[in-house]
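Trainee: after the sequence you'll find the predicted model.
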Amino acid sequence: QVQLQESGPGLVKPSQTLSLTCTVSGGSISTDYYYWNWIRQPPGKGLEWMGAIGYSGSTYYRPSLKSRTSISRDTSKNQFTLQLSSVTPEDTAVYYCARDRRGGNWTGYDYWGQGTQVTVSS
């Protein structure tokens, strides 16, 4: 059973960098064809895919966030990390990490973290 757990500060000041880590257990982030995603949900809005890091370390970003987003990984700790720079109150959201598999018919995200609330406020 794969488990994902987000961690990081719940409050970030405007203009600072938001940094969250997703720790994965029950499966390796280097396993072929699996991608590790960051997804957020602002209050009252739908889910928004932010980006992903693949099993080989390749990264993919939402175009509208690409200039502010960086996703990296630490395979020795089986973790991947989101950094979002120059945050504003509009970045306030519940942030999730999630896994999907690519290379055939896409079947959605099969495992999710519980989500972590991040509020951007001075």
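Mentor: Noted; the coordinates are in hand. Numbering: from 1, shown residues only.
Trainee: three-state assignment of the most centrally placed residue in the chain?
Mentor: Averaging the C-alpha coordinates of the chain gives a centre point, and the residue nearest to it by C-alpha atoms, centre = their mean is residue 38 (2.1 Å). Secondary structure for residue 38, judged by DSSP: H, G, I helix; E, B strand; the rest coil, is strand.
Trainee: pull out the buried residues from stretch 82-102.
Mentor: Of the residues in stretch 82-102, those with enough neighbours to count as buried (16 or more other C-beta atoms under 10 Å) are 82, 84, 87, 91-101. Backbone N, C-alpha and C define where each C-beta goes, glycine included.
Trainee: and which of the residues you listed is nearest residue 74?
Mentor: residue 82 (12.9 Å; C-beta to C-beta).
Trainee: can you confirm that closest one is in a strand?
Mentor: Yes: the assignment for residue 82 is a strand, going by three-state DSSP.
Trainee: isn't it up against residue 95?
Mentor: Yes: the pair residue 82 and residue 95 qualifies as a contact (C-beta atoms under 8 Å) at a distance of 7.2 Å.
Trainee: any common contacting residues for these two?
Mentor: Residues touching both residue 82 and residue 95 (C-beta atoms under 8 Å, 6 or more residues apart in numbering): 20, 38.
Trainee: just to revisit the earlier point, save the buried residues of stretch 82-102 as TSV, and put in distance to residue 57, pLDDT and secondary structure too.
Mentor: What follows is the buried residues of stretch 82-102, written out as TSV (distance: C-beta to C-beta, whole Å; pLDDT from 0 to 100; DSSP: H, G, I helix; E, B strand; the rest coil):
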residue	distance to residue 57	pLDDT	secondary structure
82	15	98	strand
84	19	98	strand
87	25	98	coil
91	25	98	helix
92	30	98	coil
93	26	98	strand
94	27	98	strand
95	21	98	strand
96	21	98	strand
97	16	98	strand
98	18	98	strand
99	15	97	strand
100	16	93	strand
101	17	92	strand
